[in-house]
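J.: build me a structure from this.
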Amino acid sequence: MCVCVCVCVCVCVCVCVCVCVCVCVCVCVCVCVFLQSWWVVSTSTENVYYSDLWFTCNETCYSVAKSHTADAAYLQTVQATMILSTILCCMAFFVFILQLFRLRQGERFVFTAIIQLLASVCVMVAASVYTAQKDSFHEPKLRAGTYSSSFYLAWASFPMTLLSGIMYLVLRKRK
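T.: Presented below is the predicted three-dimensional model:
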């Protein structure tokens, strides 16, 4: 009886941790996509330029896309994979909640784990492409900048999504 109670408590704690991690990952990825600070440039005239995946802003904003160039393809890859990772993280959370109540214990969380691992791959691809191609995204006068908070948050989201996917796989095995 005591062992059964301990196992139930451990499973409940693991499920609560997974919910918290999944929510944190969703928030982090959403912030990465929509916050305007992947790249920051401070010029000598005290102007500060912030660049994200869609716009470069100081006092006014303008688009960073260059339509039909190879550089635009890299940027569109980053944009698409970050949006896809946001959608996948949110979808994983809702699937997780549904699987809590709808499936038997041995079958739970497999689909959630797969979705979360796919989101992890999307975040990694986006951050890697941005890292490798950052100079091609920005005008020459803005290339002397530094990475900013959203970029670091994207890289932090990668191991978090990977960890949450692995946690769902581990939870699946418990009976």
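J.: what helices or strands is the helix or strand harbouring Q79 leaning on?
T.: Assigned by DSSP states H and E, Q79 belongs to helix 70-102. Counting by 3 or more CB pairs under 8 Å, 6 or more residues apart in numbering; DSSP states H and E, the packing neighbours recorded for helix 70-102 are helix 2-34, helix 110-137, helix 149-173. Any C-beta I mention is one placed from the backbone N, CA and C, and that applies to glycine too.
J.: ranking those by mean pLDDT, which is last?
T.: Lowest mean pLDDT within the helices and strands packed on helix 70-102: helix 2-34, at a mean of 56.
J.: sorry, back to before: quick one: buried residues of the helix holding Q79?
T.: Residues of helix 70-102 classed as buried by neighbour count (16 or more other CB atoms under 10 Å): 71-72, 74-75, 77-79, 81-86, 88-93, 95-96, 99.
J.: could you give the angle of that helix to helix 149-173?
T.: If you take axes from the mean of the first three to the mean of the last three CA atoms, to 10 degrees, helix 70-102 sits at 30 degrees to helix 149-173.
J.: helix 70-102 vs helix 110-137, what angle?
T.: Using the same axes, to 10 degrees: helix 70-102 against helix 110-137 is 160 degrees.
J.: now helix 70-102: mean pLDDT?
T.: pLDDT averaged over helix 70-102 gives 85.
J.: adjust the sequence numbering to begin at 10 for everything that follows.
T.: All set: I'll call the first residue 10, so the last point we hit is now helix 79-111.
J.: S157: how many residues sit nearby?
T.: S157 is flanked by 18 other residues according to other CB atoms under 10 Å.
J.: isn't it right next to Y58, touching?
T.: No - in this structure, S157 is not within contact of Y58 by CB atoms under 8 Å, at 10.6 Å.
J.: now do the shared contacts for the two.
T.: V49 (CB atoms under 8 Å, 6 or more residues apart in numbering).
J.: got the phi/psi numbers for Y156?
T.: For Y156, the backbone dihedrals (degrees, to the nearest 10) come out as phi -70, psi 150.
J.: and it, how many neighbours?
T.: Count around Y156 with other CB under 10 Å applied: 16.
J.: which residues does it form a beta bridge with?
T.: Beta-bridge pairing of Y156 under DSSP bridges involves W48.
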